[in-house]
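> Give me a model of this one.
(one chain, ligands or ions: 1)
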Amino acid sequence: MDKPAICGGTPIRDTKLFYGHQYIDEADIQAVVDVLKSDFLTCGPKIDELENKLCQITGAKYAVVCSNGTAALHIACQAAGIGAGDEVITTPITFAASANCALYCGARPVFADINEETYNIDPDQVKNLTNERTKAVVAVDFTGQSVELDALLAHCRENHLVLIEDGAHVIGTRYNGKYNGSIADMTTLSFHPVKTVTGGEGGAVLTNSEEYYQKLLLYRTHGITKDPQQMEHEPDGPWYYEQTALGMNYRMTDMQAALVITQLDKLPMFSKRRKEIVKAYNEAFSKLPQIIVQKEIPESDTTRHLYILRLDLSQLKIDRKQFFEALYAENICCNVHYIPTYYFPYYEKLGYKRGICPKAEKLYEEIISLPLYYAMTDEDVQDVIDAVTRIAEYYRAD
Ligand SMILES: *Cc1c(COP(=O)(O)O)cnc(C)c1O
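Numbering: from 1, shown residues only. Next comes the predicted model:
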């Protein structure tokens, strides 16, 4: 193969390929326009329709949709009763929201290290960090591969902890044949445009518990209820409602809900294509000693949200940053997921030190997120494979 573009070769492609992109069709556009012409822009019929659809797809008993995935994590933590003095165990290899939700409630996030092959939170590390202050575990299905739900649930039951699954990447994935969302105490989703299914913005919490469901509804909408059975005073009249808790306004609009509904109609198609792309990447990269392919656990039938290219730096003359820049020069515009949460200055000021999760920190030095989205053509996929192969071979360690 010829020289990489970064050393003066011709770029593999002339147009830029990004790591993620939404796919919007005419049905999506029409659904949003129809809402704009209707009587309800928010709190209308599309909210119930979406919640029912999410239950139908995942098998969860209840769904509460809300403004985004971060809001979903916040109300899930509130419903779990997390408060000052509590500890919440999570992974550092995630978006900041997975730990921030504990801070919103006055609790302290505790970071458990990952399994070095799957990159998901290691249930044994969760066990080691559990103490009398531990209240919940926020487990992230990183890249869309399910966390080890059997082990985590068993531990949580034994120690009376709430298992919140941050499923921002997980839509479409099944664990032991059941959709994620129907297994943990609560599972949160995100409908941000880079995720598998989008509403522009949007989120949801799925649960099988009636008790959590009622609390989620309350916290989503100011802590206000219109249900006389939940009121503390006698209603003054038909207009009456009561605020019984301190909630937020985390409502989703009907425009967003309508978009998520038509997007969900395409989920089987999205899943199929993402699986094809992951298969092509895995086949190509498993032949390169410079690349480590993410381990797949047999329990998880995974719809991948992210594809992580992990470099074996002992087999390369360059580091991750140089590899990343070389990919950019080929017009493959990658990203890195994620910077360990406790590296951020905000967390440093709270007293978190580097070194607490060595496997996560090592992973961070070696990873690049490759383009992965429904609308990628076979040629796009081949360009990514060619670019990675060209760089990996050119900079192969002697
Ligand atoms: C995207 C994401 C979130 C936050 O979702 P938003 O809808 O952007 O608020 C939380 N956790 C993980 C792992 C995510 O990828």
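> What's the local residue count around the residue in the chain that the ligand sits nearest to?
Residue nearest to the ligand within the chain: residue 69 (2.5 Å; CB to the nearest ligand atom). (Glycine included, C-beta is placed from N, CA and C.) Neighbour count of residue 69, defined by other CB atoms under 10 Å: 27.
> Ok, residue 321 next?
11.
> repeat for residue 14
The number of residues packed near residue 14 is 7, by other CB under 10 Å.
> Now the residue nearest to it when sequence neighbours are not counted, what are its backbone angles?
With sequence-adjacent residues excluded and distances taken as CB to CB, 6 or more residues apart in numbering, residue 14 is closest to residue 331, at 6.7 Å. Per-residue torsions, residue 331: phi 70, psi 20 (degrees, to the nearest 10).
> Could you tell me which residues make contact with residue 331?
Listed by CB atoms under 8 Å, 6 or more residues apart in numbering, the contact set of residue 331 reads 5, 11, 12, 13, 14, 15, 16, 17.
> what do you get for residue 215?
Residue 215 sits next to 75, 78, 79, 245 when contact means CB under 8 Å, 6+ apart.
> Name the nearest residue to the second one, ignoring sequence neighbours.
What it means is residue 78. Of all residues not flanking residue 78 in the chain, residue 219 sits nearest, at 4.7 Å (CB to CB, 6+ apart).
> quick check, that neighbour in a strand?
No: according to DSSP: H, G, I helix; E, B strand; the rest coil, residue 219 belongs to no strand; its state is helix.
> How far does the longest strand along the chain sit from its chain's centre?
Longest strand in the chain by number of residues, with DSSP state E as the criterion: strand 134-140. Here the centre of strand 134-140 is set off from its chain's centre by 15 Å, with CA atoms, centre = their mean, to the nearest Å.
> Next one, pLDDT for the residue nearest to the spatial centre of the chain please.
Nearest to the geometric centre of the chain sits residue 168, at 2.5 Å (CA atoms, centre = their mean). In this prediction, residue 168 carries a pLDDT score of 98.
> gap between it and residue 17?
23 Å (CB to CB, to the nearest Å).
> returning to what we had before: how near is the residue nearest to residue 78 to residue 71?
For residue 219, the distance to residue 71 (CB to CB) stands at 9 Å.
> returning to that earlier point: dump the contacts of residue 215 to CSV, plus secondary structure and neighbour count.
Conversion of the contacts of residue 215 to CSV gives the following (DSSP: H, G, I helix; E, B strand; the rest coil; neighbours: other CB atoms under 10 Å):
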residue, secondary structure, neighbour count
75, helix, 28
78, helix, 23
79, helix, 26
245, coil, 12
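> right, and the helix or strand after the host helix or strand of residue 326?
Secondary structure assigned from DSSP states H and E places residue 326 in helix 320-329. Downstream of helix 320-329, the next assigned helix or strand under DSSP H and E is strand 332-333.
> C-terminal to that next one, what's the next element?
Moving toward the C-terminus from strand 332-333, the next helix or strand (DSSP H and E) is helix 345-349.
> for the record, mean pLDDT for that following helix?
What helix 345-349 shows for mean pLDDT is 98.
> buried ones in it?
Applying a neighbour-count criterion of 16 or more other CB atoms under 10 Å, the buried positions in helix 345-349 are residue 347.
> Check stretch 75-92 too.
75-80, 82, 86-92.
> That stretch near the ligand at all?
No: using CB under 6 Å from any ligand atom, stretch 75-92 stays clear of the ligand, with a minimum separation of 9.2 Å.
> Show the end-to-end separation of that stretch, please.
This stretch, stretch 75-92, spans 21 Å end to end (CA to CA, to the nearest Å).
> what's the offset of it from the middle of its chain?
Distance of stretch 75-92 from its chain centroid, counting by CA atoms, centre = their mean, is 17 Å.
> Next, count neighbours for residue 328.
With other CB under 10 Å as criterion, residue 328 counts 16.
> For the closest residue to it other than its chain neighbours, which residues are in contact?
Excluding the flanking residues, the one nearest residue 328 by CB to CB, 6+ apart is residue 334, at 7.3 Å. Going by CB under 8 Å, 6+ apart, residue 334 touches 19, 309, 324, 327, 328, 368, 369, 370, 371.
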